[in-house]
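Trainee: I would like to see how this sequence folds:
(2 chains)
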Amino acid sequence: MGRYWRLIAVVVVVVLTIGMFYIQSAVAANELPNITVEKVSGNEKELEPVTISGSYSVGNSSGKKFIHGVSESFIVDAEGTTYSSEQSFFERIENNFYPQRINQLQEEYRGFMRGKSGRIPSFLETEKRIAYANIINQTVPGKGNIEFDIAVLNKENEETTSFTVPVPNRAMYHQVYVEDVQITDNKELQVITRNSPRNGMEELHLYRFDIENEDIIGEDTVVKPENQNENMNARISSAESNSDLTASFDDVIFKKTIEPIVKRSKQGRVTESAAGEQEYSIYNLETGEKRPLELPKELSDQEILDRDNRSLYFNTGQQIVQYDLESEQVTNQIELPSYEEEGKFEAMTHIADSKVYMLTRDQQSPQRLIVLGLETGDILFEGEIKLGEAVEKGETINLYDLAVQ
Amino acid sequence: MNRFIKLVNFELSRFMKIYIALIVLTGLIQLTGVFVTANSFMAEADRMIYEQGMSQAQFIEQYGAMTFLNFAKSLWFVGPIAICAAALLFYVFMIWYRDWFGKNTFIYRLLMLPTARLNVFLAKAASIMLMVLGLVSIQLILLTLENAVFKWIVPVDLRVDMTLGQIVKWDYLSIIIPQTFTEFILYYGAGFMFVSVMFTALLIERSFGWKGLLLGAGYTAIAALVMLSPLLMIAFTGQYDLYPLETLGLEIGLGIVITAVSVWMGHYLLTKKITV
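Mentor: As a prediction, this is how the structure comes out:
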């Protein structure tokens, strides 16, 4: 035995130290503080569909000379707080690779989702179908042989139609990205893309596909930044539902912002968006008809907060305004609660099931979660985000996402 | 089995002096580092508070409190780890070459031992792995000690405490000491694969001379390409059909195959092709 003392010594040190370390860290994982939403008023039932994501950090505060820290992400939902370190290695690989919405689709339609991109706007889910559109072969930008990769799953008979079609005039484009996928009642797939031409500014295009005949049947440039010039910069976007990027709509809403260029830098143009001018247009997918959308002056310079099939929602800072797309009128305004310590009410906001979910962003004042009834404007729930076991020195939490299921 | 244990013990003994020296060096440099970084922080704090008349709260507001990572990010801590890693990486090759180029061709005696030659291969690989894990263990012990010293020098108002578990989560430390035991097995399994591929490449060189050098490099390149094949697939075709967990499974499978092929080739070369 004595002859082997070196071997025995090394093995004993390794097994004891590393063994103790992993046993201890398994125990210590449960010692992270619980993060809770402490009720101030209302019904705690309203919290059930809410998931808050954030990060917890110790001694992490940027810009200071002596601080370095570590942080750990967590989610808070109806079941409590889950830290990323509490997940097993396999769970972390499975859950953190794709966005949550994609994970959800992958779980349900494993075969269909195989090999497809993880970008949420590429998907559309309706009661009957899942549609997917992506641009492939553009790993080397500007190679010129980019194609649409289209797939549609019929949920009822579980049949998949898939095909690829070259992007029309593809040599013209530097890059093409799918912004939205929609499907009309007569089985026409419509794909809205953001195209960057080799010369000129970004445009939004709409391509129509016949699913049964597996071919492209039409193209339309829906927004073009034509009033772009030396001193003006145009940004274009389509208004999407904030809560579900895979939702289906009868019409698409486009927004063009024209901003004066204040300063040019090497990186690009610096613009002052406050002075910008917004133009909205609405495009009916069934008829292909496009018309400008005249929003009231006080709404036109606001960001669109969310939309559903009938309305647009805006947050003016004091109010949530609901604008009906059919009657082109403001149909509802609800007041936001105000707090002394805050000026403008800055929050992450979600609209789901006729309720407004808001999570305040301000790090300094207490972080609040508020649920409002969209019709009545009543506060259904109000709570403060609390770090369990009295905040220790140097601990901070930073909330970065709010999801409502 | 008894032969194998004897051989491992023998290989460890041959490197023990340098190994102990590495441990002592690491301990000395790192402990000095804790003293130096913590004291320089305290000196700055003293200067600001007593000379500039700053209050403690103001100082923390402006400079931030000190954490253990202020030390762990410095060369005092990283330097010795790099030295140890380099030394062991070098020894992956020297553990064989010293037998050929030593005072007397020791490999001759090793290969004449009345035991399977595969045992020589495995014992050398096991010693390398044990020495790596030994250094990792020593680092864990040192970290605990250094964290205690840090707390002893910097008063509680000027520091933010971190547990050992929080410290090792930081950056490259989480590669040496992974968060979960599963990852620990996977990382050091990959380490064993690396060692066995290197050993086989080296034995190819020993068996075929200058031509073998190229063959050995080729074998290493093929092993790397096989491990990276999922990545290459994405890069060249843009299409990839496996889910993340399936990719992990594939990589584990490929790793096991590469390790098995390497060990088998090592065994074959040692018994049939090796020249002394």
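
Trainee: who does the top strand by length along chain A touch, helix- and strand-wise?
Mentor: If you go by DSSP state E, chain A has its longest strand at strand A:251-264. With contacts defined as 3 or more Cβ pairs under 8 Å, 6 or more residues apart in numbering or on different chains; DSSP states H and E, the packing partners of strand A:251-264 are strand A:215-223, strand A:232-239, strand A:269-271, strand A:277-284, strand A:304-307. From N, CA and C alone the C-beta is placed, and that goes for glycine too.

Trainee: chain center to the last one: distance?
Mentor: Same thing as strand A:304-307. Put simply, strand A:304-307 sits 12 Å off its chain's centre (Cα atoms, centre = their mean, to the nearest Å).

Trainee: where does the chain have low pLDDT?
Mentor: In the absence of a named chain, this looks at chain A. For chain A, the stretches with pLDDT under 70 are A:1, A:28-30, A:59-70, A:139-144, A:226-234, A:242, A:261-276, A:339-346, A:362-365, A:389-394.

Trainee: I was after chain B.
Mentor: Using pLDDT under 70, the flagged stretches of chain B are B:276.

Trainee: Out of the helices and strands packed on strand A:251-264, which gets nearest to chain B?
Mentor: strand A:215-223 (20.4 Å; Cβ to the nearest Cβ).

Trainee: Can you list the strands that that closest one pairs with?
Mentor: Strand A:215-223 sits in its sheet next to strand A:203-210 (antiparallel), going by DSSP bridges.

Trainee: What are the contacting residues of the partner strand?
Mentor: Contacts with strand A:203-210, where a contact means Cβ atoms under 8 Å, 6 or more residues apart in numbering or on different chains, come from A:148, A:150, A:165, A:167-168, A:179, A:187-195, A:197, A:215-225, A:236, A:238, A:252, A:254, A:283.

Trainee: Are any of those residues buried, and if so which?
Mentor: A:148, A:150, A:167, A:179, A:188-195, A:216, A:222-225, A:236, A:238, A:252, A:254, A:283 (16 or more other Cβ atoms under 10 Å in any protein chain shown).

Trainee: Mind jotting down where the helices sit in the stretch 51-200 of chain B?
Mentor: B:56-63, B:68-72, B:75-101, B:106-112, B:117-153, B:164-167, B:173-176, B:181-227 (DSSP state H, counting those that start in this stretch).

Trainee: what do you get for the stretch 101-250 of chain A?
Mentor: Under DSSP H, counting those that start in this stretch, the stretch 101-250 of chain A gives helices at A:110-113.

Trainee: Which positions in it make contact with chain B?
Mentor: A:Gln106, A:Arg110, A:Arg114, A:Gly115, A:Ile136, A:Asn137, A:Thr139 (Cβ under 8 Å from any Cβ of the partner chain).

Trainee: care to break chain B down by domain?
Mentor: B:1-177, B:180-276 (automatic domain parsing).

Trainee: could you dump the ones you listed to CSV with mean neighbour count and distance to chain A?
Mentor: CSV is the format used below for the domains of chain B (neighbours: other Cβ atoms under 10 Å in any protein chain shown; distance: least, Cβ to the nearest Cβ, whole Å):
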stretch, mean neighbour count, distance to chain A
domain B:1-177, 17, 3
domain B:180-276, 16, 4
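
Trainee: ok, the residue of the stretch 101-250 of chain A found nearest chain B - how many residues close by?
Mentor: Residue of the stretch 101-250 of chain A nearest chain B, by Cβ to the nearest Cβ: A:Gly115 (3.8 Å). Counted by other Cβ atoms under 10 Å in any protein chain shown, the residues lying close to A:Gly115 total 12.

Trainee: I'd guessed it sits against B:Asp241; true?
Mentor: Yes: counting by Cβ atoms under 8 Å, A:Gly115 touches B:Asp241, with 3.8 Å between them.
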